[in-house]
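S.K.: Output the structure for:
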Amino acid sequence: MPLDAFCLAAVKQELEQRIVGSKIDKVQQPERDIIVLSLRGGDKPPCKLLISAGSGDMRVHLTEHRFDNPDSPPMFCMLLRKHLTGARINGISQPPSERLLEITLDAPDAMGVRSDKRLILELMGRASNIILTDGEGLIIDCLRRIGGDLTDKRAVLPGLIYRRPPKQEGKTDPLGVSPDEWQRMFDDGAGMGGSCDRWLLSRFSALSPLICRELTWRAYRSTDFRIDAVSDGGAALGREFFALVDNVKAGAFEAWMISETAQPQDQSFVGAGSVPFDFSYTEIEQYEGAATARREESFSEMLDGFYTRAQQQARLRQRAAATMKTVKTARDRVARKLASQQAELLKTTERDSLRECGDIITANIHLMKKGQSVLVAEDFFSQLVGSQNGDLPINDAAKREIRLDPLKTPQQNAAKYYKDYTRAKNAEIALTQQIRQGEMELNYLESVIGEIGLAENERDLAEIRHELISTGYVRERNSAKENKNIKGKKSAKGKNADSAPMRFRSSAGLTILAGRNNAQNDRLTLKTALKSDVWLHTQKIHGSHVVISCGGSAPDDRTLQEAAAIAAYYSASRSGGKVPVDYTLVKNVKKPAGGRPGMVIYTDYKTVIATPDGELVGKLIDDS
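M.R.: Reported below is the predicted structural model:
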């Protein structure tokens, strides 16, 4: 459901307890319609407030999700940083039954003098906006600038006095309607036909379609009960309506997530098994057994799970699908080529018979004539083999039938067999080398497929695409815009800075690093890690390179098990059980000549058994 006015009131009530009194420490704009405020101070723990003005996902809530900053912050983000960094949140207000919040702020001005400002959140579908005003209501700037022409459209532009959006015409505020007025409205609507939920939606503001259906269900055990079929004069519907209104006035809100069970074919996707499709501020009963309703700890947790994580996963899957298709196409092409080369190599094992035919022809040239198409002669090779094995007496004369080219002389036929033998011998050498290279390429592509499956955010996926560009599997001209953001932020010297590997802290306080992709694996193992650090990798399974930074001393057993669990979790065996993980010193890890990104060989290793425990990995993440 969209974030209706009553659900927004529930969010506002929750936010008042969490963020009022906090100071704005950082301002981010990771996407065009999303602002993230990092809050600190007061007697409350640090948190992040997400504000989205997207047409289909407008919302405001606390979030635990990490966002990557774009290379260049948008202008609106820079303006908010100028005016809001260091500002204290004094309060949050909401006009009755409106999808609008006003956050009042005590913020420093350009001279450092503190002054009143307001951050106004209009969360109204396609008309959603984020507006910053001063204490007098003068608009400083806004996410979307509206108006400026001579129409009657409400103008929202810097320098103008802020005016609230007009109320919906023809709709009544549920919080202000009396029982008598409600009954008159119902009686007027009863003669017009239609369903009860449609009537509620058309007559009252602040009620979403989901809530209108729920009220109808509670009253008549049907979501589409017709208003002209009501026999009690609307008493049951009115009772449920005012019960909801009383709960809203009392602030008795509950966060409910509504999910449907994933189909069996969807189980391979991240988060499969329970797919959220709606949410509410009151318990929803209308779906009966077709869906499950789960009460969440808070509205922020509910909205963060419904929108932020779900949208990130959906967007990640969509972009990963295209990359996965490219890599799988390349892998299948390499596999087909490899199968063909292996079949050709198998044929070269018969090359000795070609040389033998040439020798037999040479030995019988005096008996042959030009134009002869077949030579049947004594096969002294089979005779020799048979005598050596004891299968034939030495004097037995086996025969071999050799096909000849009638247009060639006997000498030319012998030369052709010798030439075919030499070609097969050379082919074996070339094919053996090509097959070895093909197997390395196939192994590399399989590792990239594993990386795509383990990508946790768009930055991870972008780095994988950059790796594919550098190895020639993706054309750079088709990814120029993405490639610009893939390489990371530019350093002060103008060079593109490499992204950092994942960072963990063991129970003993040791730093554990893990590469996110093949390129990071190479940098971590071959450049960043010390020769005396401990290196880990899943045994014969594609996965991340993991390094324990132990400064030359041996890590304790618990740290070793935790690092092994990280290696198992960030591998192709994440969904498996026990996983063997090899570990050795970094000095024992080498890159083979011609090895693809991420490929190494190692010696003097030991093996531990680890479990890919996502909960443990989450606890070990080092945010410092």
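S.K.: What sits closest to Y444 if chain neighbours are left out?
M.R.: R596 (3.8 Å; Cβ to Cβ, 6 or more residues apart in numbering). (Glycine included, C-beta is placed from N, CA and C.)
S.K.: correct me, but that neighbour touches N518?
M.R.: Yes. The criterion here is Cβ atoms under 8 Å, and R596 meets it with N518 at 7.3 Å.
S.K.: what touches both of the two?
M.R.: Here R596 and N518 share the contacting residues Y444, scored by Cβ atoms under 8 Å, 6 or more residues apart in numbering.
S.K.: out of the two, which sits in the more crowded spot?
M.R.: N518 (25 against 19; other Cβ atoms under 10 Å).
S.K.: List the residues that contact the more buried one.
M.R.: Y444, S447, V448, E451, E467, R596, P597, G598, M599.
S.K.: same thing but at 7 Å, please
M.R.: Applying Cβ atoms under 7 Å, 6 or more residues apart in numbering, we find N518 in contact with S447, V448, E451, E467, P597, G598.
S.K.: top helix in this structure by residue count?
M.R.: helix 410-454 (DSSP state H).
S.K.: What is the neighbour count of K419?
M.R.: A total of 12 residues lie near K419 under the criterion other Cβ under 10 Å.
S.K.: swap in T292?
M.R.: By other Cβ under 10 Å, 12 other residues sit near T292.
S.K.: Show the buried residues in the contacts of N518.
M.R.: By neighbour count, with 16 or more other Cβ atoms under 10 Å, those hold S447, V448, E451, E467, P597, G598 as buried.
S.K.: Now distance to I360 and pLDDT too, for the residues you listed, in TSV please.
M.R.: Shown next, in TSV, are the buried ones among the contacts of N518 (distance: Cβ to Cβ, whole Å; pLDDT from 0 to 100):
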residue	distance to I360	pLDDT
S447	50	84
V448	52	85
E451	56	79
E467	56	80
P597	52	86
G598	52	86
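S.K.: Pick the one among those residues closest to G233.
M.R.: Nearest to G233 among these: E451, at 64.8 Å, using Cβ to Cβ.
S.K.: wait, doesn't the closest one sit right on I464?
M.R.: Yes. Using Cβ atoms under 7 Å, E451 makes contact with I464 at a distance of 5.4 Å.
S.K.: List the residues that are in contact with both of these two.
M.R.: N517.
S.K.: Per-residue pLDDT of G551, please?
M.R.: At G551, the pLDDT value in this model is 79.
S.K.: T559 too?
M.R.: Predicted confidence (pLDDT) at T559: the value is 95.
S.K.: Kindly tell me how buried it is, as a neighbour count.
M.R.: Neighbour tally, T559, other Cβ under 10 Å: 21.
S.K.: Show me where the stretch 301-450 of the chain has its strands.
M.R.: For the stretch 301-450 of the chain, the strands defined by DSSP state E, counting those that start in this stretch occupy 374-378, 399-403.
S.K.: want to throw the ones you listed into CSV with mean neighbour count?
M.R.: Putting the strands of the stretch 301-450 of the chain into CSV (neighbours: other Cβ atoms under 10 Å) gives the following:
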stretch, mean neighbour count
strand 374-378, 14
strand 399-403, 13
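S.K.: Minimum distance to K347: which of the ones you listed has it?
M.R.: Taking the strands of the stretch 301-450 of the chain one by one with Cβ to Cβ, strand 399-403 is closest: 16.8 Å.
S.K.: contact partners of the strand or helix carrying I92?
M.R.: Take DSSP states H and E as the rule and I92 turns out to sit in strand 88-93. Under the contact criterion Cβ under 7 Å, 6+ apart, strand 88-93 has outside partners 12, 15-16, 19-23, 101-106.
S.K.: how far out from the middle of the chain is that strand?
M.R.: 35 Å (Cα atoms, centre = their mean, to the nearest Å).
S.K.: I'd like the next helix or strand past it.
M.R.: strand 100-108.
S.K.: Show me how the record splits this protein into domains.
M.R.: As given by automatic domain parsing, the domain ranges for the chain are 5-142, 326-451, 502-620.
S.K.: Just put those in TSV and tack on distance to Y281.
M.R.: Shown next, in TSV, are the domains of the chain (distance: least, Cβ to Cβ, whole Å):
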stretch	distance to Y281
domain 5-142	4
domain 326-451	41
domain 502-620	29
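S.K.: any idea which of those domains scores lowest on pLDDT?
M.R.: Among the domains of the chain, domain 326-451 has the lowest mean pLDDT, at a mean of 84.
S.K.: Tell me the span between the first and last residue of it.
M.R.: 14 Å (Cα to Cα, to the nearest Å).
S.K.: what does stretch 584-596 give?
M.R.: End-to-end distance of stretch 584-596 (Cα to Cα): 21 Å.
S.K.: Next, the buried residues of that stretch.
M.R.: Those buried within stretch 584-596 under the rule 16+ other Cβ under 10 Å are T584, L585, V586, V589, R596.
S.K.: between those residues, which is closest to Y605?
M.R.: Distance to Y605, by Cβ to Cβ, is smallest for T584 among the buried residues of stretch 584-596, at 3.9 Å.
S.K.: burial count for the residue nearest to the closest one when sequence neighbours are not counted?
M.R.: Leaving aside its sequence neighbours, T584 sits nearest to Y605 (Cβ to Cβ, 6+ apart; 3.9 Å). Number of residues near Y605 (other Cβ under 10 Å) recorded here: 16.
S.K.: any idea of the angle the strand holding I92 forms with strand 100-108?
M.R.: Angle, strand 88-93 to strand 100-108, by axes from the mean of the first three to the mean of the last three Cα atoms, to 10 degrees: 160 degrees.
S.K.: Now do the buried residues in strand 88-93.
M.R.: For strand 88-93, by 16+ other Cβ under 10 Å, it's R88, I89, I92.
S.K.: follow-up on the earlier one: now tabulate the contacts of strand 88-93 in a markdown table and tack on neighbour count.
M.R.: Formatted as a markdown table, the contacts of strand 88-93 follow (neighbours: other Cβ under 10 Å):
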| residue | neighbour count |
| --- | --- |
| K12 | 19 |
| L15 | 21 |
| E16 | 14 |
| I19 | 21 |
| V20 | 16 |
| G21 | 15 |
| S22 | 22 |
| K23 | 20 |
| L101 | 21 |
| E102 | 19 |
| I103 | 26 |
| T104 | 18 |
| L105 | 21 |
| D106 | 15 |
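S.K.: before we move on, back to that, nearest to P276, of the domains of the chain?
M.R.: domain 5-142 (13.1 Å).
S.K.: quick check, distance from the closest one to the centre of its chain.
M.R.: 27 Å.
S.K.: follow-up on the earlier one: for the residue nearest to T584, give its distance to A9.
M.R.: Y605 sits at a distance of 60 Å from A9 (criterion: Cβ to Cβ, to the nearest Å).
S.K.: what's the answer for Q434, then?
M.R.: Distance from Q434 to A9, by Cβ to Cβ: 69 Å.
S.K.: The two: which is more packed in?
M.R.: Set Q434 next to A9 and count neighbours by other Cβ under 10 Å: A9 wins out with 23 against 17.
S.K.: helices and strands around the helix or strand that one falls within, which ones?
M.R.: Using DSSP H and E, A9 maps to helix 5-19. If contacts are counted by 3 or more Cβ pairs under 7 Å, 6 or more residues apart in numbering; DSSP states H and E, helix 5-19 sits against strand 47-52, strand 59-63, strand 88-93, helix 299-303.
S.K.: Let me see the residues that make contact with that helix.
M.R.: 39, 44, 47, 49, 60-62, 89, 92, 94, 97-99, 101, 123, 205-206, 248, 251, 253, 281, 298-300.
S.K.: So what would you say the end-to-end distance of stretch 569-585 is?
M.R.: 21 Å.
S.K.: which parts of it are buried?
M.R.: Going by 16+ other Cβ under 10 Å, stretch 569-585 has these buried residues: Y569, Y570, S571, A572, S573, R574, V579, V581, D582, Y583, T584, L585.
S.K.: The fourth one and F380: what is the separation?
M.R.: The gap separating A572 from F380 is 55 Å, by Cβ to Cβ.
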